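Q: Next input, structure requested:
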Amino acid sequence: MAEKKPESKIILADLGAPNSEPQWNFFLSTVKYTCYGGARGGGKSWAIIRKAVLLAFYYAEIQILVVRREYDQLENPIIQPMLKMLPVGTYTYNKTDHLLTFVNGSKIKFSNMPDYGATVEGKFQGNSWDILFIDEATQFLESEFRGLAAIIRGDNGLPKRIYLSCNPGGVGHFWVKRLFVDRDFRGSEKPEEYVFIPATVDDNKNINQDYKDQLDLLPEDIRRAHRFGDWNALSGVYFGEFTDGLHTCKPFPIPKHWKLYRAMDYGLDMHFCIWIAVDETGRCYVYRMFAQPNMVVSDAARAQLELTRTDEDIGYTIAPPDLWARNRETGKSQANIFAENGIALLKADNNRKQGWYALKELLKIRPDGKPGLIIFDTCGKLIDCLKCLQHDKTDPNDVAKNPHEITHGPDALRYFAQTYVLPAEREVQTVEEEDDEDSIVDYFTEMCGTGVSRSYIHS
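A: Below is the predicted model of the structure:
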């Protein structure tokens, strides 16, 4: 007698229907990278919930990952509405693991990445994912986005796609804008793999007028960004005045009579050095940058010297004051080691707010219509980091220290700005140990052609 096969069951689930053209376009998109949103109230959460569930039901055993910066930001807008919508008997939910398992073997995992720059492979190691949703993608660094994208892999015949939702603003504003809004592709990025589906509150038929009125009351830059999805209105950024084409320029030969300086932020996590030229009017140009992690002091010093042309007469190399801390075992500071390797340092002031104010002073537009600080557009990493800096949540007068990954270049620029803009009332400081002063002066004399241990930057 033949074995009787179990009867298949038809499960009816009412997931609702898209109420706008952007939502329809989001559901129909099958490209590798789809970015949806651009303004608050555009129905992003509603669309993510339905899209994830439809994929889970349609493709048996598909593995879906939904990520947001903080886990509690997933619970109310995504997880709970999804669970309430699903028919009883079609799923199980493990609250401890934040794992939703469907009767056909498909799974949706909810996760977070609270620490900027966290190792993606370490957090999701051993897993193979088919679909990724990044909710509020502008809260992620580009390196995190690429790291997450790399775990969407596997040769199982299932689709491999990444869906993003976001509003303008946040630390990831510029990479999202570059890829999806400006479509400025670099390297191996393929234009056909990226699509942006803009949506505003006006597209969402389920939003009442009161919500729109509340958005209209927001401060101007935030209103433009969150009400209308204006990617040129930067809400939350510290240097909102920074404008491409105004504060940036194409490289040009630096006249030999201009004064030249270096400024740096040093640590094993990143050595970031910038070269600055100052013209006859006091306008400053950042004309070169170097950024590389995992460099010991001797290698960092050698890199600075190798990148500095022999005809460049560098006045000072400005560095953070923590480099003057003595090593308990050797009695030497990192400033000593830089000097021994040919780079004598000027100690910067580390008053953060005063330094950021000084940098804002340099960025101001002068009577001739140009700012006091212009950066060569070849210094792309510095420019991107500067534009991504956010106000500190507890002190709006300061810059947020996280994500730390984007602060190194701006910190180097801050050290220069504070030293250059504020009155030079202190001597060049090299090391705290008086016994080493003569040797440090010798380094300055050799490098600059004059003893400058009693000079000022505004000489």
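
Q: In stretch 337-351, which residues are buried?
A: The neighbour-count check on stretch 337-351 (16 or more other CB atoms under 10 Å) flags 337-341, 343-349 as buried. C-beta coordinates here come from the backbone N, C-alpha and C atoms, glycine included.

Q: In strands, which of these appear?
A: 346-347 (DSSP state E).

Q: Just send the buried residues of stretch 337-351 back as CSV, with distance to Ala60 and pLDDT too.
A: Below are the buried residues of stretch 337-351 laid out as CSV (distance: CB to CB, whole Å; pLDDT from 0 to 100):
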residue, distance to Ala60, pLDDT
Ile337, 61, 93
Phe338, 61, 94
Ala339, 66, 94
Glu340, 65, 93
Asn341, 61, 94
Ile343, 62, 93
Ala344, 67, 92
Leu345, 63, 94
Leu346, 65, 94
Lys347, 64, 94
Ala348, 60, 92
Asp349, 62, 90
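
Q: Of the buried residues of stretch 337-351, which is the nearest to Ile374?
A: Ala348 (21.2 Å; CB to CB).

Q: Surely that closest one touches Leu413?
A: No: with contact defined as CB atoms under 8 Å, Ala348 and Leu413 do not form a contacting pair (10.9 Å).

Q: Find residues that contact each of those two.
A: Residues touching both Ala348 and Leu413 by CB atoms under 8 Å, 6 or more residues apart in numbering: Ala263.

Q: where in the stretch 151-300 of the chain is pLDDT low?
A: Scanning the stretch 151-300 of the chain with the threshold set as pLDDT under 70 gives 221, 234-236.

Q: hey, where'd the helices end up in it?
A: Along the stretch 151-300 of the chain, the segments classed as helices by DSSP state H, counting those that start in this stretch run 173-176, 209-216, 220-228, 297-307.

Q: How much space separates Arg40 from Ile383?
A: Arg40 is 28 Å from Ile383, where distance means CB to CB, to the nearest Å.

Q: Quick check: Gln292 vs Ser143, distance?
A: Using CB to CB, Gln292 is found at 15 Å from Ser143.

Q: So for those two, which sits in the more crowded spot?
A: Taking neighbours as other CB atoms under 10 Å, Gln292 and Ser143 compare with Ser143 leading, 15 against 12.

Q: Count the residues that sit near Thr248.
A: Neighbour tally, Thr248, other CB under 10 Å: 18.

Q: That one contacts Thr378, doesn't it?
A: No: between Thr248 and Thr378 there is no contact under CB under 8 Å: 9.6 Å.

Q: and the gap between Ile318 and Val297?
A: Counting by CB to CB, the gap from Ile318 to Val297 is 16 Å.

Q: Please identify which of the two sits among more neighbours.
A: Using other CB under 10 Å, the more surrounded residue of Ile318 and Val297 is Ile318, with 27 against 21.

Q: what about dumping the CA coordinates of stretch 190-209 to CSV?
A: The C-alpha atoms that make up stretch 190-209 are tabulated as CSV, following Å, rounded to 0.1, in the frame of the first residue of the first chain:
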residue,chain,number,x,y,z
LYS,A,190,28.0,49.0,-11.2
PRO,A,191,25.3,51.6,-11.9
GLU,A,192,22.8,48.9,-12.9
GLU,A,193,23.0,47.4,-9.4
TYR,A,194,21.7,50.5,-7.6
VAL,A,195,18.3,52.0,-7.6
PHE,A,196,16.8,54.8,-5.4
ILE,A,197,13.1,55.0,-4.8
PRO,A,198,12.3,58.4,-3.2
ALA,A,199,9.2,58.7,-1.0
THR,A,200,7.9,61.5,1.2
VAL,A,201,5.0,61.9,3.6
ASP,A,202,2.9,63.2,0.7
ASP,A,203,3.1,59.8,-1.0
ASN,A,204,1.7,58.0,2.0
LYS,A,205,-2.1,58.0,1.9
ASN,A,206,-2.3,56.6,5.5
ILE,A,207,-0.7,59.7,7.0
ASN,A,208,-3.0,62.4,8.4
GLN,A,209,-2.6,66.1,8.0
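
Q: Need the residues that contact that stretch.
A: Here stretch 190-209 makes contact (CB under 8 Å, 6+ apart) with 19-23, 25-26, 29, 31-44, 46, 179-181, 183, 185, 211-212, 215, 227-229.

Q: Filter those down to the buried ones.
A: Buried subset of the contacts of stretch 190-209 (neighbour count, 16+ other CB under 10 Å): 20, 22-23, 25-26, 29, 32-44, 46, 179-181, 215, 227-229.

Q: Inside helices: which ones of those residues?
A: Secondary structure from DSSP state H places 22-23, 25-26, 44, 46, 215, 227-228 of the buried ones among the contacts of stretch 190-209 in helices.

Q: excluding its backbone neighbours, what's nearest Leu217?
A: Arg223 (7.7 Å; CB to CB, 6 or more residues apart in numbering).

Q: how about the one you found, what does it touch?
A: Applying CB under 8 Å, 6+ apart to Arg223 gives the contacts 215-217, 233.

Q: swap the cut-off to 10 Å and go again
A: 215-217, 230, 233, 235 (CB atoms under 10 Å, 6 or more residues apart in numbering).

Q: about what we covered before: most neighbours per residue, which of the helices of the stretch 151-300 of the chain?
A: Neighbour counts (mean count of other CB atoms under 10 Å) averaged over each of the helices of the stretch 151-300 of the chain peak at helix 173-176, with a mean of 23.

Q: Need the contact partners of that one.
A: The contact list for helix 173-176, computed with CB under 10 Å, 6+ apart, reads 35, 37-38, 134, 137-146, 164, 166-168, 170, 181-182, 196, 225, 231, 234-237, 244, 383-385, 387-388, 390.

Q: please redo it, this time with the cut-off set to 8 Å
A: Contacts of helix 173-176 (CB under 8 Å, 6+ apart): 35, 137-138, 141-142, 145, 164, 166, 231, 234, 237, 384, 387-388.

Q: What about those, which are in strands?
A: Judged by DSSP E, the contacts of helix 173-176 include 35, 164, 166 as members of strands.

Q: so what's the first one up against?
A: So that's Cys35. 137, 163-166, 176, 179-180, 194-197 are the contacts of Cys35 under CB under 8 Å, 6+ apart.

Q: which of the residues you listed lies closest to Gln63?
A: Nearest to Gln63 among those, with distances taken as CB to CB, is Tyr163, at 14.4 Å.

Q: which residues sit in contact with the closest one?
A: Listed by CB under 8 Å, 6+ apart, the contact set of Tyr163 reads 26, 34-36, 48, 51, 131-134.

Q: Repeat the analysis, applying 7 Å as the threshold.
A: 34, 36, 51, 133 (CB atoms under 7 Å, 6 or more residues apart in numbering).

Q: how about JSON lines for the contacts of Arg223, with distance to Thr310 added?
A: Supplementary listing: the contacts of Arg223 in JSON lines, determined by distance: CB to CB, whole Å:
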{"residue": "Leu215", "distance to Thr310": "58"}
{"residue": "Asp216", "distance to Thr310": "60"}
{"residue": "Leu217", "distance to Thr310": "60"}
{"residue": "Asp230", "distance to Thr310": "48"}
{"residue": "Ala233", "distance to Thr310": "46"}
{"residue": "Ser235", "distance to Thr310": "46"}
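
Q: farthest-separated two in the residues you listed?
A: Leu217 and Asp230 (16.4 Å).
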